[in-house]
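[1] this one's sequence-less:
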């Protein structure tokens with residue numbers, strides 16, 4: 001196996017910490033064991049895949065993004081346009097990509113909260129009877 005990337009090291013460490021067998025974790029993310037090892041070598045991954053890993057391994061998305069070379073090499077800039085209150089933002093040098101990733105993570109978190117609220121209600125209703 002080739003050398004793991006910084007991102008791959010973090011993923012691998014979290015899988016070990018959670019004591020998930022590699023073959024099982026690979027299946028959880030929809031791939032075979034060999035492909036999982038190839039993923040660990042990559043310097044960056046799709047945001048949707050990072051979101052999936054974030055949820056499965058309880059790793060904040062931001063921590064995963066920080067492992068990608070160059071992610072933090074760009075400054076955050078905010079400019080306003082006169083009295084019109086128009087704001088243009090560039091985050092991490094990737095424009096709206098970082099904002100979109102954070103919005104997707106927030107949306108996924110909201111979904112989880114709604115699902116948990118439903119489960120709690122169902123449990124409460126079943127205990128009332």
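    Happy to help now that I have it. Computed from a prediction, not measured in an experiment: that's the story for all the values here.
[2] going forward, measure contacts and count neighbours with C-alpha atoms only.
    Will do.
[3] center of this protein, which residue is that?
    Closest residue to the average C-alpha location of the chain: residue 51 at 2.9 Å, with Cα atoms, centre = their mean.
[4] Identify the residues contacting the helix or strand that contains that one?
    Counting by DSSP states H and E, the element that carries residue 51 is helix 47-57. The contact list for helix 47-57, computed with Cα atoms under 8 Å, 6 or more residues apart in numbering, reads 11, 14-15, 18, 29, 59-61, 64, 101, 105.
[5] Buried among those? Need that as a selection in PyMOL.
    This is the PyMOL syntax for the buried subset of the contacts of helix 47-57, where burial follows 16 or more other Cα atoms under 10 Å:
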select buried, resi 11+14+15+59+61+64+101+105
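[6] any idea how far the residue lying closest to residue 61 once chain neighbours are set aside is from residue 108?
    Counting by Cα to Cα, 6 or more residues apart in numbering, residue 61 lies nearest to residue 54, which is 5.6 Å off, once chain neighbours are set aside. As judged by Cα to Cα, to the nearest Å, residue 54 and residue 108 stand 11 Å apart.
[7] where in the protein is pLDDT low?
    Counting by pLDDT under 70, the chain has low-confidence residues at 1, 71-99, 129.
[8] one more time with 80
    Applying pLDDT under 80 to the chain flags residues 1-2, 68-104, 128-129.
[9] Tell me what angle the helix ranked longest in it forms with helix 47-57.
    Counting by DSSP state H, the longest helix found in the chain is helix 96-128. Helix 96-128 runs at 40 degrees relative to helix 47-57, counting by axes from the mean of the first three to the mean of the last three Cα atoms, to 10 degrees.
[10] re earlier: for the contacts of helix 47-57, which one is nearest residue 2?
    Nearest to residue 2 among the contacts of helix 47-57, counting by Cα to Cα, is residue 11 at 15.4 Å.
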